[in-house]
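# Model the structure of this input:
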Amino acid sequence: MPIKNKKTPLINGFLILLGAIFLLYSILIETVNVYFKTLGLLSLMFGAYRASNHWVQHKDDHLNDEEE
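Okay, here's the model as predicted:
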């Protein structure tokens with residue numbers, strides 16, 4: 001079962017990167033609204049959740065490629 005949607009890992013990586021940027025911004029700038037921290041944490045966790053689900057679904061893809 002090869003990966004059919006190659007955009008999914010890109011979206012997951014983008015969500016993780018966006019969350020990390022929001023969290024770093026909220027750490028570096030002291031007068032940031034708490035919503036930046038919340039949005040950064042939610043984006044980071046959602047991206048990590050989607051990435052881990054994607055990895056679990058495609059963990060045995062290399063075995064199928066070797067059989068062919």
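# Extract the C-alpha set from stretch 27-37 and format it as PDB.
Output of stretch 27-37 as PDB, limited to C-alpha atoms (Å, rounded to 0.1, in the frame of the first residue of the first chain):
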ATOM      1  CA  ILE A  27       8.400  32.800  24.500                       C
ATOM      2  CA  LEU A  28      10.600  35.500  22.900                       C
ATOM      3  CA  ILE A  29       8.100  38.400  23.100                       C
ATOM      4  CA  GLU A  30       6.900  39.000  26.600                       C
ATOM      5  CA  THR A  31       3.700  40.900  25.800                       C
ATOM      6  CA  VAL A  32       2.100  38.300  23.700                       C
ATOM      7  CA  ASN A  33      -1.500  37.300  24.100                       C
ATOM      8  CA  VAL A  34      -2.200  33.900  25.600                       C
ATOM      9  CA  TYR A  35      -4.000  32.900  22.400                       C
ATOM     10  CA  PHE A  36      -0.700  32.700  20.500                       C
ATOM     11  CA  LYS A  37       0.500  30.200  23.000                       C
END
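# Give me the residues contacting it.
With contact meaning Cβ atoms under 8 Å, 6 or more residues apart in numbering, stretch 27-37 is reached by 22-23, 25-26. Every residue, glycine included, has its C-beta placed from N, CA and C.
# Which ChimeraX command selects the buried ones in those?
To isolate the buried members of those in ChimeraX, using 16 or more other Cβ atoms under 10 Å:
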select :22,23,26
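# got the contacts of stretch 27-37 as a markdown table, with pLDDT columns?
Formatted as a markdown table, the contacts of stretch 27-37 follow (pLDDT from 0 to 100):
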| residue | pLDDT |
| --- | --- |
| 22 | 90 |
| 23 | 90 |
| 25 | 90 |
| 26 | 89 |
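# Please report the distance of the residue nearest the centre of the chain from residue 24.
Nearest to the geometric centre of the chain sits residue 47, at 2.8 Å (Cα atoms, centre = their mean). As judged by Cβ to Cβ, to the nearest Å, residue 47 and residue 24 stand 15 Å apart.
# thinking again about what came up before, report the two of the contacts of stretch 27-37 separated the most.
Of all pairs drawn from the contacts of stretch 27-37, the widest gap by Cβ to Cβ lies between 23 and 25 and measures 7.2 Å.
# Alright, that wraps it up for me.
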